[in-house]
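K.L.:
could you work out the structure for the sequence below:
(2 chains)
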Amino acid sequence: MQKVLEVMGQVCPFPLVEAKSAIEEIESGDELVIKFDCTQATESLPRWAAEEGHAVTNFEQIGDAAWTISLKKK
Amino acid sequence: MIVTGLLCGALLGFVMQRGRFCLTGGFRDMYIAKDNRMFYALLIAIAIQSVGVFSLIQFGVIEFSAGSFPWVAVILGSFVFGIGIVLAGGCATGTWYRAGEGLLGSWIALFGYMFMSAVMKSGLLVPVNQSIQSVQLPSNSIAETTGLSVWIFILLFVAIVVAIVIKQQKKPKIAIPTMKPKRTGLAHLLFEKRWHPFFSAILVGLIAILAWPLSEATGRMSGLGITTPSANILQYLVTGDRSFVNWGIFLVLGIFLGSFIAAKGSNEFRFRMPDAKTGITSFIGGNLMGFGASLAGGCSIGNGLVMTAMMTWQGWVSLLFIILGTWTASYFIFVRPKVRKKSPTVQTKINMA
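P.N.:
Numbering: from 1, shown residues only, chains lettered A, B, ... in the order given. You can find the predicted model right below:
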């Protein structure tokens, strides 16, 4: 299962706040894909994933000030 | 000489954009994420600046007078400023450098900030500002009040900061996933690599030192400052009075420029339009920022970074109340809605009954 979270246009810390609640809605082993354009989230999202122990399966810039990060839930 | 402000600001804007140096986020995360890293980074920048600037004063390169301490204005203004920066999504400097990243929400916040600062400094609210600021304690300098040498406080503070840094470096490190580098060499270091907050803080501290002699060479006797220059831009634009044009104006325009260069160079610039709700919140936040910073005599940079380094009551009291303001706003915006969301069972039960 894969869930996509679109938080383009949302400023920090909302991408992280939304990601935290989105990950609660999926099962362990499922994937959460987050698309965002808040620069600070390039720092806060991977840090949060690492601290919580979710595996980051993809993390890349997809355009000018646009990124995607995929996590596999612990 | 006034254009050295542009250079100093550009350096600051560049470092802040690349270092993601966000004090609003830092103060907020102390509370909502129990993460103190950005706060510690600020302390490092204060310590470096303090040693540097007091050395310059000692050798007679620059002059500084702490003045008196308008304590009611500092407490009230800083608290309101703290609320404002959470709503605006960035402190005064943060708003300037995010504007350079193309965030139109920050442009809106910036306008509100300039507007209310001008209203407080030369407009309708001057009497309010002056009457609250008239409640003063005679001395603003911690050294003067206690009768001790300022170096005792600086050394004590440096020792605390060194202890914090050593403790932080000893913590077990977790591997933070990063993006695959697409560049090499200098381009990678300047426009791609993530910077450690402590590294950015050292640079911010050094730029803050540099600001003093550069600014004083043009007759503006202080260091980094954001609020008055931001108000000065609007005051100059609407009055045409050239006396509003000073080193500080070039400094804040430099922040915008430096951040734009940093963001453009790392493909992080894009005009981003907020939704109406975010736009309105940003505008209200900007106005609160302008009101608070004008009253307190400084923002998170002017008071939180510079006046703290100058070992004044104003700086440290202001920093404390800015933090309390951000926590208060964070509670209502981030913590309380989450608690409510988490207890749907309670609500269902009530509905059933």
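
K.L.:
in contact with B:L125, which residues?
P.N.:
B:119, B:291 (C-beta atoms under 8 Å, 6 or more residues apart in numbering or on different chains). For glycine as for every other residue, the C-beta is placed from the backbone atoms N, C-alpha and C.

K.L.:
the residue nearest to B:E144 when sequence neighbours are not counted - how many residues pack around it?
P.N.:
Of all residues not flanking B:E144 in the chain, B:A66 sits nearest, at 7.0 Å (C-beta to C-beta, 6 or more residues apart in numbering or on different chains). When counting by other C-beta atoms under 10 Å in any protein chain shown, one arrives at 20 neighbours for B:A66.

K.L.:
where along the stretch 101-250 of chain B do the strands fall?
P.N.:
Remark: strands of the stretch 101-250 of chain B are absent; assignment by DSSP state E, counting those that start in this stretch.

K.L.:
what ranges of it fall below the confidence cut-off?
P.N.:
Counting by pLDDT under 70, the stretch 101-250 of chain B contains no low-confidence segment.

K.L.:
residues of it that sit close to chain A?
P.N.:
Residues of the stretch 101-250 of chain B found near chain A (C-beta under 8 Å from any C-beta of the partner chain) are B:101-103, B:105, B:174-180, B:194.

K.L.:
three-state assignment of B:V72?
P.N.:
helix (DSSP: H, G, I helix; E, B strand; the rest coil).

K.L.:
quick check: the farthest pair among the residues of the stretch 101-250 of chain B next to chain A?
P.N.:
Maximum pairwise distance in those, criterion C-beta to C-beta, is 33.0 Å, between B:G105 and B:A175.

K.L.:
more neighbours: which of the two?
P.N.:
Set side by side, B:G105 and B:A175 show more neighbours around B:G105, with 27 against 8, by other C-beta under 10 Å.

K.L.:
now do the contacts for the more buried one.
P.N.:
A:11, B:89, B:98, B:272, B:274, B:278-279, B:282.

K.L.:
next: B:I176.
P.N.:
Taking C-beta under 8 Å, 6+ apart, we find B:I176 in contact with A:46-47, A:50.

K.L.:
one more time with 10 Å, if that's ok
P.N.:
A:43, A:46-51, A:56, B:194 (C-beta atoms under 10 Å, 6 or more residues apart in numbering or on different chains).

K.L.:
how close does it get to B:V53?
P.N.:
B:I176 sits 34 Å away from B:V53, going by C-beta to C-beta, to the nearest Å.

K.L.:
chain A: helices as residue ranges?
P.N.:
A:14-24, A:41-52 (DSSP state H).

K.L.:
for the ones you listed, state which one has the densest average packing.
P.N.:
helix A:41-52 (a mean of 20; mean count of other C-beta atoms under 10 Å in any protein chain shown).
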